[in-house]
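Asker: Build me a model:
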Amino acid sequence: MTSYIALLRAVNVGGTGKLPMSELKALCEDAGFAHVRTYIASGNLLFDSTDSEKKVKAALEAKLKAHAGKPVDVIVRTATEFADTLKRNPFAAEPGNRVMVLFTDDKPPADPLKDARGRKDEQVKAGKRVLYIFYPDGQGKSRLQLPAMESGTARNMNTVARLTEMAKAKAKAKA
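Answerer: Modelled structure (predicted):
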C-alpha cells in the first residue's frame, strides 16, 4: 500500500465549499482508502491505497463531485513526494506561515513570475510540481497573482510540515 496526502482546493475557505471533515473521511473510506485521517478543516487528507496516484485522484474527485454536486479539484501526492517538498523548501530560513507551497498537477513554468500581476517583494521558486512563494509581509497583504494559482492549491509551510510529520508517524505505527 502507498501512503498518500491529498489536498482539496477551495474547501471551507472564505465561506465556500463547506465540507465537514467527518463527511470527507467517510467519502474516502467509501472509496476504498484505508487509514484515513484529516487535518484541520481545510481539506487535508492522509490515507493509504493500493491504487496509483492517478486512480486515487480520479476516485476522490468523482466521490466529491457526487457529494457536492460540482467538481472539486484535488491534488494528490505520495507521502514520500510530500516530504521531499518540505525538504527542498528554498525559503527554510523564513517563518513557515510566510512561505506557501502552491501544489499543481503539472510541472510549473520555468519562469513562474512571467505574466505575474500585483507583485511587490514576494519571491517565487519553482520545484517539482510546486511553486514555493515567500510573502515577506504575509499573504493577506499580498496582491500577487500567478497564472499557476488558477489550477493549484496552496498550503503554508507549517501545514506541509505537520502533514509530513503525521504521515511519518502513521508509517512508524504500521511498521
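Asker: average pLDDT for the longest helix belonging to the chain?
Answerer: In terms of residue count, the longest helix belonging to the chain (DSSP state H) is helix 157-174. For helix 157-174, the mean pLDDT works out to 89.
Asker: Please compute how far it lies from its chain's middle.
Answerer: A distance of 14 Å separates the centroid of the chain from that of helix 157-174, by Cα atoms, centre = their mean, to the nearest Å.
Asker: residues making contact with it?
Answerer: By Cβ atoms under 8 Å, 6 or more residues apart in numbering, the residues outside helix 157-174 that reach it are 3, 5, 35, 37, 39-40, 44, 46, 79, 82-83, 85-86, 89, 91, 96-97, 99-101, 155. C-betas here are computed from N, CA, C, even on glycine.
Asker: Can you pull the phi/psi pair for the nearest residue in space to residue 94 that is not next to it in sequence?
Answerer: In space, and not counting its chain neighbours, residue 94 is closest to residue 134: 5.4 Å by Cβ to Cβ, 6 or more residues apart in numbering. Note on residue 134: backbone dihedrals following degrees, to the nearest 10 are phi -100, psi 120.
Asker: Spell out the residue ranges of the helices in this structure.
Answerer: Using DSSP H, helices in the chain cover 21-30, 53-68, 79-87, 157-174.
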